[in-house]
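Novice: pasting the sequence and the predicted coordinates here, then a few questions.
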Amino acid sequence: MSGPVLVGVDGSATSLAAVEAAAREAERLGVELRLAHACEWPTVPVPPGVPPWDPGGSRSRGPAGGALTEAERRARGAAPGVRVTHTVLMGEPASVLETESRGSSLTVVGSRPVSRFGGGRRGSVAARLAAGGGSPVLMVRGGPQRVGVVVLACDNGRLGRRAAEFAFAEAAARETDVVVLNGSAPRNGRPQDGNHGPLAALREKYGDVHVRRARVRGGTRRAVIEASAHAQLVVVGTRRRGGWPAALRATISRAALRHADCPVAVIHEEGENR
């Protein structure tokens, strides 16, 4: 897909970290970066002709304008050559980003911890987008990790081509290894796909990327969370089954979005995007 990399912008520190990661992804993919600020409909009247996200009457001083200006500055610092556009979307953030994602190559969001009042569940917007969005989703937690491997796993025990391709491309760009976690490993630790399956072709295409299959003990979900503590990125392949509520029950991707200690990408396999 040649659509832009879409990133949600709200002015928070996690959002700005997501913008920088999204800019690097846009540079890697050779596409533009689209900054999207989502605004809920106001609960109080605004003057006629004034945008509802800017009741003060000045976009440059309004909350959306300020957030987008800072986001664009951070994006250009991370990837100076990337074309940057921006938009203001009216509505609940997860819903409008879900709609906007359908023409995107990748959707990137930040992650906030659970608040002491019980709101802002960690990874909740990312989970909605991963289940119902129209593109792969990358949730960024904290600043970029400069060391560590790319971890590759899947929800159904069978590695898919799109998730594997994404993981290898990321590992090549980051100059690191891919560690596969999708069941018990053979004793010699070598991949089991032989001359078939997605890993075989990708090992040839990405000759500089070393691949190893880690032995999984205690379940893949637990192994992915533990591996994330020393990883740059976790990539999980998944398939939709019956809409977004069913997709949220996919234990590995959901657990990774909620509990991983590094950025998480959720990739839908062929035939599963809307």
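Specialist: Received it, and whenever you're ready, just let me know what you need. Owing to the predicted nature of the structure, the values given are computational and were not obtained by experimental measurement.
Novice: now residue 261: how far from residue 139?
Specialist: Residue 261 is 12 Å from residue 139, where distance means CB to CB, to the nearest Å. Using the backbone N, CA and C atoms, a C-beta is placed for each residue, glycine as well.
Novice: out of the two, which sits in the more crowded spot?
Specialist: Neighbour totals were compared for residue 261 and residue 139, and residue 139 leads with 29 against 16 (other CB atoms under 10 Å).
Novice: can you report phi and psi for residue 109?
Specialist: phi -140, psi 160 (degrees, to the nearest 10).
Novice: residue ranges in the stretch 1-150 of the chain under the pLDDT threshold?
Specialist: Scanning the stretch 1-150 of the chain for pLDDT under 70 picks out 1, 41-63, 112-123, 142-145.
Novice: and the strand or helix carrying residue 69, what does it pack onto?
Specialist: For residue 69, the element it lies in under DSSP states H and E is helix 63-78. For helix 63-78, the packing partners by 3 or more CB pairs under 8 Å, 6 or more residues apart in numbering; DSSP states H and E come out as helix 13-29, strand 33-39, strand 84-90.
Novice: got the angle for that helix vs strand 84-90?
Specialist: Angle between the axes of helix 63-78 and strand 84-90 is 150 degrees (criterion: axes from the mean of the first three to the mean of the last three CA atoms, to 10 degrees).
Novice: which residues sit against helix 63-78?
Specialist: If you take CB atoms under 8 Å, 6 or more residues apart in numbering as the criterion, helix 63-78 is touched by 7, 9-11, 15-16, 19-24, 33, 35, 37, 39, 53-54, 58-60, 82, 84, 86, 88.
Novice: could you list the buried residues of it?
Specialist: Buried residues in helix 63-78, defined by neighbour count with 16 or more other CB atoms under 10 Å: 64-65, 67-68, 71-72, 74-75, 78.
Novice: can you add distance to residue 103 and give those residues back as TSV?
Specialist: Shown next, in TSV, are those (distance: CB to CB, whole Å):
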residue	distance to residue 103
64	21
65	24
67	22
68	19
71	20
72	20
74	23
75	19
78	23
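Novice: just the strands in the stretch 51-200 of the chain please.
Specialist: Under the criterion DSSP state E, counting those that start in this stretch, the stretch 51-200 of the chain contains strands at 84-90, 106-110, 137-140, 149-154, 178-181.
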